[in-house]
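> here is a sequence with its predicted model. Questions after.
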Amino acid sequence: WTNRNVSPSKVVAIGDEVEVMILDIDEERRRISLGIKQCQTNPWEEFAATHNKGDRVSGKIKSITDFGVFIGLDGGIDGLIHLSDLSWSEAGEEAVHKYRKGEEIDALVLSVDPERERISLGVKQLDKDPFAEFVAAYPKGSVIKGTVIEVEPKAATVDLGDGVEGILRATELSRDRVEDARSVLSEGDEVEAKFIGLDRKSRTVNLSIKAKEDDEDKAAVNDYNQSEGGGAP
């Protein structure tokens, strides 16, 4: 099943007694096609029968390609860890450089397709998704602290911890017009901003200092009105 394009002489020798399955009978050419592997257990079907989605497996890295990492599994078959399933916080093209051929690693079973002889595995799924954890911990409207890690004219990127990043657009930095975010922020600055939205595709949190200041002013006015009203005769 797993030895592709191998010479028959490497599998059997003259005089060997083997069990075979009839695959085809060509009466005109007086030829019978036989198969040895069909008498053996299909390793992909066996893997599918003994493993479920979410099961933890381990194996040695057999090869590293442009699209992922192949690891050897029981039965002589391979599983693929696609680049996108290597890390929650890093791009797959960067994360893949941490792996070496022959290294033994753990992964989770994501899917098994015996017909196509494909097993999809994931490494990042061994840990909780920090982005999902963040969203669960901070509802929209929360005020969040972070550190500026990159500033461009139109926006700043903010480290919110555990690999989660926030985006502060220049239009959200102040109630005054800001043409260039670099005139207001620098790398390393600590900021507090309001969580105003999510971009699930890019896995980023949209932030606003302007909205935070607006909320603070509204709260101050409300407190003042209540105190004035409470003190009236």
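All right, it came through fine.

> show me this protein divided up by domain.
For the chain, automatic domain parsing gives the domain ranges 51-125, 130-218.

> now the ones you listed as CSV including mean neighbour count and distance to Ala13?
Where you see a C-beta, it was placed from the backbone N, CA and C, and this is true even at glycine. Listed next are the domains of the chain as CSV, based on neighbours: other C-beta atoms under 10 Å; distance: least, C-beta to C-beta, whole Å:
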stretch, mean neighbour count, distance to Ala13
domain 51-125, 16, 21
domain 130-218, 16, 56
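
> and the longest helix anywhere in the chain, what other elements does it pack with?
As assigned by DSSP state H, the longest helix anywhere in the chain is helix 209-231. The contact analysis (3 or more C-beta pairs under 8 Å, 6 or more residues apart in numbering; DSSP states H and E) places helix 209-231 against strand 190-199.

> centre of the chain to the strand it packs on, how far?
Relative to its chain's centre, strand 190-199 lies at 23 Å (C-alpha atoms, centre = their mean, to the nearest Å).

> hang on, the earlier thing: may I have the longest helix of the chain as PDB, with CA atoms only?
Extracted in PDB, the C-alpha atoms of helix 209-231 (Å, rounded to 0.1, in the frame of the first residue of the first chain):
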ATOM      1  CA  ILE A 209      -8.500  55.700  21.700                       C
ATOM      2  CA  LYS A 210     -10.900  58.200  20.400                       C
ATOM      3  CA  ALA A 211     -13.900  56.100  21.400                       C
ATOM      4  CA  LYS A 212     -12.400  55.500  24.800                       C
ATOM      5  CA  GLU A 213     -12.000  59.300  25.400                       C
ATOM      6  CA  ASP A 214     -15.600  59.900  24.100                       C
ATOM      7  CA  ASP A 215     -16.900  57.300  26.700                       C
ATOM      8  CA  GLU A 216     -14.900  58.900  29.400                       C
ATOM      9  CA  ASP A 217     -16.200  62.400  28.600                       C
ATOM     10  CA  LYS A 218     -19.800  61.100  28.500                       C
ATOM     11  CA  ALA A 219     -19.300  59.400  31.900                       C
ATOM     12  CA  ALA A 220     -17.900  62.500  33.400                       C
ATOM     13  CA  VAL A 221     -20.800  64.600  32.100                       C
ATOM     14  CA  ASN A 222     -23.300  62.000  33.400                       C
ATOM     15  CA  ASP A 223     -21.600  62.000  36.800                       C
ATOM     16  CA  TYR A 224     -21.700  65.800  36.900                       C
ATOM     17  CA  ASN A 225     -25.300  66.000  36.000                       C
ATOM     18  CA  GLN A 226     -26.200  63.400  38.600                       C
ATOM     19  CA  SER A 227     -24.200  65.200  41.300                       C
ATOM     20  CA  GLU A 228     -25.800  68.500  40.400                       C
ATOM     21  CA  GLY A 229     -29.300  67.000  40.300                       C
ATOM     22  CA  GLY A 230     -28.700  65.300  43.600                       C
ATOM     23  CA  GLY A 231     -27.600  68.500  45.300                       C
END
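
> the inter-axis angle of that helix versus strand 190-199?
110 degrees (axes from the mean of the first three to the mean of the last three C-alpha atoms, to 10 degrees).

> avg pLDDT for helix 209-231?
Mean pLDDT, computed over helix 209-231, is 85.

> that older thread, now the domains of the chain in JSON lines, please, with extra columns for distance to Asp26.
Formatted as JSON lines, the domains of the chain follow (distance: least, C-beta to C-beta, whole Å):
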{"stretch": "domain 51-125", "distance to Asp26": "26"}
{"stretch": "domain 130-218", "distance to Asp26": "55"}
